[in-house]
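[1] Using only what follows, build the 3D model:
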Amino acid sequence: MTEPDTLDHTIRALKQTQRMAWQQLADPTLTTFARRELRNEIKQSGAELRAYLQMVSERTRFQTRSMEGPAPAPGEREFRLLA
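    Below is the predicted model:
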């Protein structure tokens, strides 16, 4: 697997973890301790998810810049007169 595939897989897994934890949190038979543990799991996986999404965002931002090519130097701009 390539690195972007690994990031996508990790993001999907964290989203699934969040989904399952929220579903379990709705269970009325949970003890107070179990609810607290689930909320801690949701917070932790949410922080990890944000970090991975930030990585993906940074990658796509830098990829689009590199595809555009380097910006022209200040003295190398081309001006055209339109009549």
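
[2] I'd like the distance between the residue nearest the centre of the chain and residue 62.
    Among the residues of the chain, the one closest to the centroid is residue 53, at 0.8 Å (Cα atoms, centre = their mean). Using Cβ to Cβ, to the nearest Å, residue 53 is found at 15 Å from residue 62. Every C-beta, even on glycine, is put in place using the N, C-alpha and C of the backbone.

[3] Quick check: which element contains residue 9?
    With secondary structure defined by DSSP states H and E, residue 9 is part of helix 3-25.

[4] what packs against that helix?
    If you count contacts as 3 or more Cβ pairs under 8 Å, 6 or more residues apart in numbering; DSSP states H and E, helix 3-25 packs onto helix 32-68.

[5] roughly how far out does the helix it packs on sit from the chain middle?
    Put simply, helix 32-68 sits 5 Å off its chain's centre (Cα atoms, centre = their mean, to the nearest Å).

[6] which of the residues in that helix are buried?
    The neighbour-count criterion (16 or more other Cβ atoms under 10 Å) identifies 38, 41-42, 45, 48-49, 52 as the buried residues of helix 32-68.

[7] And for stretch 43-59, what's in contact with it?
    Residues outside stretch 43-59 that contact it (Cβ atoms under 8 Å, 6 or more residues apart in numbering): 4, 7-8, 10-11, 14-15, 17-18, 21.

[8] so can I have CSV of those showing pLDDT and distance to residue 76?
    Putting the contacts of stretch 43-59 into CSV (pLDDT from 0 to 100; distance: Cβ to Cβ, whole Å) gives the following:
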residue, pLDDT, distance to residue 76
4, 74, 34
7, 89, 37
8, 91, 39
10, 94, 42
11, 94, 41
14, 95, 45
15, 95, 46
17, 94, 51
18, 96, 49
21, 95, 55
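
[9] What is the nearest of these to residue 28?
    Among the contacts of stretch 43-59, residue 21 lies closest to residue 28 (Cβ to Cβ), at 15.8 Å.

[10] and the helix holding residue 9 with helix 32-68, angle?
    Comparing the axes of helix 3-25 and helix 32-68 via axes from the mean of the first three to the mean of the last three Cα atoms, to 10 degrees yields an angle of 150 degrees.
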